[in-house]
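Enquirer: Generate a structure from the sequence data that follows.
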Amino acid sequence: MDHKTIENFTQTTNLMDGTQVVGDSYGPNLWSLSLTLSHNSSNSTPYNESHFGDDYNLTTNVSIPEPMQRVFNITQTTPIEYAMVMYGYIMPFLLIMTLVANILIVLVLAQKHMRTPTNIVLLSMAVADMLTLVFPSPWYFYMYTLGYHTELLYPPVACYAYSQMIEVIPMFFHTASIWLTILLAGQRYIYICHPVLAKTWCTIPRVSRAIITIFIMSFSAQFSRFFDSFYKSVEFESNGVTCMGCQQLMADWVENYQNFYFPLYFGFRIIFVNMGPCLALVVLNVFLFMALRRAQRKRKKLFQDKRNTESKNIRDSNSTTYMLMVVVTVFLMVEIPMAVATLIHVLANTAIIPFPDENFKYLKITILITNFIIMLSFPLNFAIYCGMSRQFRETFSQLFIKKLRDQVQGSKSAVTTATNL
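Expert: Numbering: from 1, shown residues only. Next up is the predicted model:
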């Protein structure tokens with residue numbers, strides 16, 4: 001049996017049970033509006049059968065009779081000309097940069113003298129961002145860097161691993177990162193505007209419990225995705241050649257309750273993962289900016305009164321707040337476009353808003369690019385911390401630069417001593 005597919009797979013394909021699939025139109029997919037590349041499918045649904053749910057297979061206009069047959073074909077589920085550049089050529093370098101940057105953040109913030117409630121949240125964000133990229137990267141490398149996107153994925157266990165590592169697991173960690181960012185901004189707001197409450201609420205034990213709760217809730221939000229579909233082997237003919245592939249089907253409990261499951265899942269995503277956090281962070285950032293203005297006026301007055309110690313404390317606090325505001329602003333710059341695209345996608349496919357079919361190809365490309373921009377932002381926090389936190393720079397220098405310099409100087413001294421002898 002041949003399991004290779006044709007890169008431009010547009011011919012009529014006949015499955016062995018007689019079901020016919022035309023071109024790249026394998027039917028709707030309601031469960032894969034994900035952070036990363038998506039390829040899933042579902043049975044027929046009461047929603048728009050052409051587009052709903054599949055991030056990158058948005059041009060389908062063929063209604064497939066039940067039982068719906070869907071064969072994984074990566075080439076037809078993403079704009080390949082864009083994906084090859086972003087995920088095939090740039091991604092390996094981005095992965096290395098993200099790993100190095102976030103591992104350095106973890107090592108610096110894990111130092112005993114750096115353990116503060118704020119730094120614990122920043123450390124958790126670094127871990128979440130890093131794992132968001134680590135899990136799908138092997139598949140990006142295999143599919144796009146090595147060029148195996150032209151082959152059908154097989155056997156079913158590989159198809160399941162692909163769907164979980166490309167979509168579900170990264171979405172779990174990215175959801176955690178989003179909610180950790182809200183925790184970071186909310187905690188800073190309490191520090192600045194309610195310092196008395198901060199002594200009670202913003203302690204290391206309380207913040208640690210909040211972080212654990214966020215990861216548990218993020219996992220719970222994605223838990224059903226581990227079980228809402230299953231995969232089985234399928235034989236089909238393409239251009240007279242018998243091929244092997246994976247067929248994806250809904251789990252029975254999803255098929256029986258899809259009118260409830262899909263609106264609930266996507267509604268939750270829009271409110272609590274996409275639009276809601278962005279709106280909350282915009283409001284918190286505005287409040288932090290207003291609080292900073294008040295703190296600056298207070299510091300100026302203290303400086304004029306020659307109360308230098310209090311003035312210095314306010315200056316250090318303001319520097320930390322500025323840094324966190326930059327972190328939140330960068331987050332909003334990359335997340336808001338994705339939130340808007342997600343909202344349009346869902347509203348269009350539930351027929352709440354009119355959306356011409358010919359425009360879905362642009363939405364498909366927009367989602368792909370915004371996903372990649374989010375990934376590009378993962379190494380940026382290291383540069384922000386180095387540029388805006390004196391304590392971070394000094395700790396980083398002590399851990400790495402000073403040790404490296406001492407080793408180099410020690411090597412030179414050893415060479416000089418040996419030469420003199």
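Enquirer: Tell me where this protein has strands.
Expert: Here the chain has its strands, by DSSP state E, at 12-15, 20-22, 229-238, 241-250.
Enquirer: Tell me which of these is the most buried.
Expert: The highest average neighbour count among the strands of the chain, using mean count of other C-beta atoms under 10 Å, belongs to strand 241-250 at a mean of 20. Any C-beta I mention is one placed from the backbone N, CA and C, and that applies to glycine too.
Enquirer: That strand packs against which elements?
Expert: Packing partners of strand 241-250 (3 or more C-beta pairs under 8 Å, 6 or more residues apart in numbering; DSSP states H and E): helix 156-163, strand 229-238.
Enquirer: Against which helices or strands is the first one packed?
Expert: Applying 3+ C-beta pairs under 8 Å, 6+ apart, one finds that helix 156-163 makes contact with strand 229-238, strand 241-250.
Enquirer: just to revisit the earlier point, need the least confident one among the strands of the chain, by mean pLDDT.
Expert: Mean pLDDT values for the strands of the chain show the minimum at strand 20-22, a mean of 34.
Enquirer: Now do the contacts for the nearest residue to Thr203 once chain neighbours are set aside.
Expert: Sequence neighbours aside, Pro117 is the residue nearest to Thr203 in space, at 6.5 Å (criterion: C-beta to C-beta, 6 or more residues apart in numbering). Counting by C-beta atoms under 8 Å, 6 or more residues apart in numbering, Pro117 makes contact with Gln187, Cys202, Thr203, Ile204, Arg206, Val207.
Enquirer: Now the last one: closest residue in space that isn't a chain neighbour?
Expert: With C-beta to C-beta, 6+ apart as the criterion, Val207 has its nearest non-adjacent residue at 4.2 Å, and that residue is Pro117.
Enquirer: Return the distance of that neighbour relative to Pro205.
Expert: Distance of Pro117 to Pro205, computed by C-beta to C-beta, to the nearest Å: 9 Å.
Enquirer: repeat for Tyr191
Expert: For Tyr191 relative to Pro205 (C-beta to C-beta), the value is 17 Å.
Enquirer: Those two - which one has more neighbours?
Expert: Counted by other C-beta atoms under 10 Å, Tyr191 and Pro205 do not tie: Tyr191 has more neighbours, with 22 against 8.
Enquirer: wait, that one sits on Lys199?
Expert: No. At 9.8 Å, Tyr191 and Lys199 do not qualify as touching, with contact defined as C-beta atoms under 8 Å.
Enquirer: gap between stretch 329-341 and the chain center?
Expert: Relative to the mean C-alpha coordinate of its chain, stretch 329-341 is positioned 12 Å out (C-alpha atoms, centre = their mean, to the nearest Å).
Enquirer: and it, which residues are buried?
Expert: By 16 or more other C-beta atoms under 10 Å, the buried positions in stretch 329-341 come out as Val330, Phe331, Leu332, Val334, Glu335, Ile336, Pro337, Met338, Ala339, Ala341.
Enquirer: Now, the residues you listed that are in helices?
Expert: Val330, Phe331, Leu332, Val334, Glu335, Ile336, Pro337, Met338, Ala339, Ala341 (DSSP state H).
Enquirer: mind listing what the fifth one touches?
Expert: Counting by C-beta under 8 Å, 6+ apart, Glu335 touches Ile178, Asn274, Pro277, Cys278, Ile374.
Enquirer: 7 Å - rerun?
Expert: Cys278, Ile374 (C-beta atoms under 7 Å, 6 or more residues apart in numbering).
Enquirer: if I look at it, how far off is Ile178?
Expert: Taken as C-beta to C-beta, the span from Glu335 to Ile178 is 7 Å.
Enquirer: And the third one, by the same measure?
Expert: Leu332 is 11 Å from Ile178, where distance means C-beta to C-beta.
Enquirer: Tell me the buried residues in stretch 375-394?
Expert: Of the residues in stretch 375-394, 375, 378-382, 384-386, 388-389, 391-392 count as buried by neighbour count, 16+ other C-beta under 10 Å.
Enquirer: what's the distance between Leu104 and Ile90?
Expert: In terms of C-beta to C-beta, Leu104 sits 21 Å off from Ile90.
Enquirer: What is the neighbour count of Met325?
Expert: Based on other C-beta under 10 Å, the number of other residues close to Met325 is 18.
Enquirer: what stretches of the stretch 51-200 of the chain score poorly on pLDDT?
Expert: 51-70, 76-77 (pLDDT under 70).
Enquirer: Try it again at 50.
Expert: 51-69 (pLDDT under 50).
Enquirer: show me where the stretch 101-250 of the chain has helices.
Expert: 117-134, 137-140, 156-163, 169-193, 195-201, 204-222 (DSSP state H, counting those that start in this stretch).
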